[in-house]
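J.: have a look; sequence and predicted model below, questions after that.
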2 protein chains.
Amino acid sequence: MKPSNDEPLVMMAHGGGGRKMQQLLEEVVFPILSDESLNEGEDAAVMRDFVGNLALTTDSFVIQPLVFPGGDIGKLAVCGTINDLAMRGAKPLYLTMGLIIEEGFRLNLLKDILTSASECARDANVRIVTGDTKVVERGNADGLYINTAGVGIVPEGCEVSISGAMSGDVIVVNGYVGDHGIAVLGGRDEQSFEMNVLSDCAPLHNLVSEMLEVGGVHALRDPTRGGIAAALNEMAQASNVQFDVFESSMPVREEVRAVCEMLGLDPFYVANEGKLVASISQGKADEVLEVMRGNDLGKDSRIVGRVLNGRRGLVNLLTSVGSKRILRMPSGEQLPRIC
Amino acid sequence: MKPSNDEPLVMMAHGGGGRKMQQLLEEVVFPILSDESLNEGEDAAVMRDFVGNLALTTDSFVIQPLVFPGGDIGKLAVCGTINDLAMRGAKPLYLTMGLIIEEGFRLNLLKDILTSASECARDANVRIVTGDTKVVERGNADGLYINTAGVGIVPEGCEVSISGAMSGDVIVVNGYVGDHGIAVLGGRDEQSFEMNVLSDCAPLHNLVSEMLEVGGVHALRDPTRGGIAAALNEMAQASNVQFDVFESSMPVREEVRAVCEMLGLDPFYVANEGKLVASISQGKADEVLEVMRGNDLGKDSRIVGRVLNGRRGLVNLLTSVGSKRILRMPSGEQLPRIC
């Protein structure tokens, strides 16, 4: 839809550090993100009395389109950064938000995206405490890029990491894989795909915290770019173990499978934004699974494989007909600009 | 200069989360940035036992050109984020680095820029502990955008902020203003300007820490976008005081003044990247100035004005002929894409 002539648009001056920028911040950005620390106008936010192990992460989001079935770049930016913290067992506390906006961007769309980010952060009990706004000339930045960095606190004694998978563990995922990538693809070309797949974009820190409380969770990874295949390979590599994954156990929606078949994609290589892979000690697996299934974001959790000493870094896919093939690390990404 | 045909270039697959990205990270990014925490391949870095008041900031850098007299976008990104932390009195500790790279970007230029960032961080005793790499199609991102977020620790009892300026204080700057903007302008159009102005791009945290040790420093701000005029206005506004600034005391290089006159620019509105404005109690000013002048980044420090109760948020410029005019907040920025 073309913007109407009198619709307010972002101008170069909105990124110039002067009155126009102050106006954009004070009238649009700060009221929507609504954190006391933003209103102070300082170059850095100060949070008093942090005591403990600090987790720090960052992600830039360049997804196209900016709004897609099940979410938008604002929600995605908040969830993606929360999830990176959660994969270290950290409780997410503070986010930064850097906006790179294309000149002529619709101010109303910016408001919608910031509102979505703000609501997601508030629901997750995470504060957006500081930010930065740049504007680049028309033709750059595809409308909007967002960078979020996140600070969290790792509970004392928590040692979960990508390298913790141990022989004897089982591998668990918390639901259907490939939804995010296929939903975004649908958002790119609404004419060609009539489907009901929504992005799984969601903050996983509460689910993770419930899992960690049970114990036995040795390794975590969120399968974003590169899909479940990349996450499994990275974890097997970092942990120096072999994974045997049962192809038929891996949950893939019929609709996702159908679109993938049509386009020659493999759902195991399609991005997720609300999924995790966990390596869990066999003795604790049932208990952890029960807790996961009690959380909305884990209700379709299941065991999809097992960890062996075997050949280090190898991920085998055991097919339903009893054959075995290697689930390789992807080279690039089947669907660029997916996050 | 056009890249030669066999020069290695960044490809879309380098941002895809697969083997190509692993290769870029393990062969290029990690060795150059060389922090143990990067090699762990985790989604978030964990830093043990943080105790104290935490400062958090972020900045995206979209400067054109990427390499300019006196620096490049890598050095700028590290300095800019360190300086935002320093303005709260924080000791900078950890940086994140988010790269958004244009497909076809010269890998050798990426290496140079990362090397420059890494050297600057190492000199400043700051670790780059986590990052993110995205690649966007040709025609986007003007080659490279960098986002850096920074974590620092604020010493117990340190209360320096933009809102601390008090009636009776003197206003100090640490050297010549306008260098960065004019140097970048020179870098954009080397044919038109033959000059020797270098960007002042530098990390100010050590200078600030020496100043704070003396005491009496009530407010700090780094005059980046919008120049010294924006910084003075923001500080006067946030502190609810009036500033009287002596035009002839404000240090401006002859060459910067000449270029500004030729182009109809005002050096007070031109960006800096290694300058600070400080509001200091009169009783401590001489002692602070002496310490500042003993630091290479403060050797041209001087008093440029005074703080009055007067009209809140007003910045007066007292000219050498005895007249007075208002130094207004800029509207946008005279020179877009300056940082």
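T.: That came in fine, so what should we check first? These numbers were taken from a predicted model, which means no experiment stands behind them.
J.: now the helix or strand where A:G52 lies against strand B:45-61, angle please.
T.: A:G52 belongs to strand A:45-61 when assigned by DSSP states H and E. Angle between the axes of strand A:45-61 and strand B:45-61 is 80 degrees (criterion: axes from the mean of the first three to the mean of the last three C-alpha atoms, to 10 degrees).
J.: next SSE after strand A:45-61?
T.: Where DSSP H and E defines the elements, the next helix or strand beyond strand A:45-61 is strand A:67-68.
J.: for that following strand, the distance to its chain's centre please.
T.: Computed by C-alpha atoms, centre = their mean, to the nearest Å, the chain-centroid distance of strand A:67-68 equals 15 Å.
J.: give me the sheet partners of that strand and which way each runs.
T.: strand A:71-72 (antiparallel) (DSSP bridges).
J.: and after the partner strand, which helix or strand comes next?
T.: Assigned by DSSP H and E, the successor of strand A:71-72 is helix A:73-86.
J.: and the pLDDT for the nearest residue to A:V259 once chain neighbours are set aside?
T.: The shortest distance from A:V259 to any non-neighbouring residue, by C-beta to C-beta, 6 or more residues apart in numbering or on different chains, is to A:I182 (5.2 Å). C-beta coordinates here come from the backbone N, C-alpha and C atoms, glycine included. pLDDT for A:I182: 96.
J.: A:I182 against A:V270, yeah?
T.: Yes. Counting by C-beta atoms under 8 Å, A:I182 touches A:V270, with 6.2 Å between them.
J.: shared neighbours of the two, which are they?
T.: A:V256, A:C260 (C-beta atoms under 8 Å, 6 or more residues apart in numbering or on different chains).
J.: I'd say A:I101 and A:E137 touch.
T.: No. Assessed by C-beta under 8 Å, A:I101 is found out of contact with A:E137, at 10.9 Å.
J.: these two: which has the busier surroundings?
T.: Comparing A:I101 with A:E137 by other C-beta atoms under 10 Å in any protein chain shown, the one with more neighbours is A:I101, at 24 against 15.
J.: so where does the more buried one fall, helix or strand?
T.: With DSSP H and E as criterion, A:I101 is part of strand A:91-102.
J.: and the angle from that strand to strand B:45-61?
T.: Angle of strand A:91-102 versus strand B:45-61, following the same axes, to 10 degrees, is 20 degrees.
J.: ok, residues contacting the helix or strand that strand A:91-102 is followed by?
T.: Heading C-terminal from strand A:91-102, the first helix or strand you meet, by DSSP H and E, is helix A:107-123. Helix A:107-123 is contacted from outside by A:7-10, A:28-29, A:32-34, A:66-67, A:71-75, A:77-79, A:95, A:97, A:101, A:127-128, A:143-144, A:146, A:203, using C-beta under 8 Å, 6+ apart.
J.: anything in the following helix or strand past helix A:107-123 near chain B?
T.: Counting by DSSP H and E, the element after helix A:107-123 in chain order, helix or strand, is strand A:127-136. Yes. Counting by C-beta under 8 Å from any C-beta of the partner chain, chain B has neighbours in strand A:127-136: A:V129, A:T130, A:G131, A:D132, A:K134, A:V135, A:V136.
J.: tell me how far strand A:127-136 lies from the chain's centre.
T.: Centre-to-centre, strand A:127-136 and its host chain are 19 Å apart (C-alpha atoms, centre = their mean).
J.: could you do stretch A:128-145 as well?
T.: 20 Å.
J.: kindly report the same for stretch A:302-309.
T.: Worked out by C-alpha atoms, centre = their mean, stretch A:302-309 lies 23 Å from the chain centre.
J.: ok, and what's touching that stretch?
T.: In contact with stretch A:302-309 (C-beta under 8 Å, 6+ apart) are residues A:165-173, A:232, A:239, A:241-246, A:249-251, A:279, A:285, A:289.
J.: which residue, neighbours along the chain excluded, lies closest to the residue most central in space within chain A?
T.: Geometric centre of chain A, nearest residue: A:G80, 3.0 Å, by C-alpha atoms, centre = their mean. Spatial nearest neighbour of A:G80, chain neighbours left out: A:D59 (4.9 Å); criterion: C-beta to C-beta, 6+ apart.
J.: my read is that the one you found contacts A:I82, right?
T.: No. Counting by C-beta under 8 Å, A:D59 sits too far from A:I82 to count as a contact (10.1 Å).
J.: with neighbour numbers in mind, choose between the two.
T.: More crowded of A:D59 and A:I82, by other C-beta under 10 Å: A:I82, with 30 against 26.
J.: separation between the more buried one and chain B?
T.: From A:I82 across to chain B, the span is 10 Å (C-beta to the nearest C-beta, to the nearest Å).
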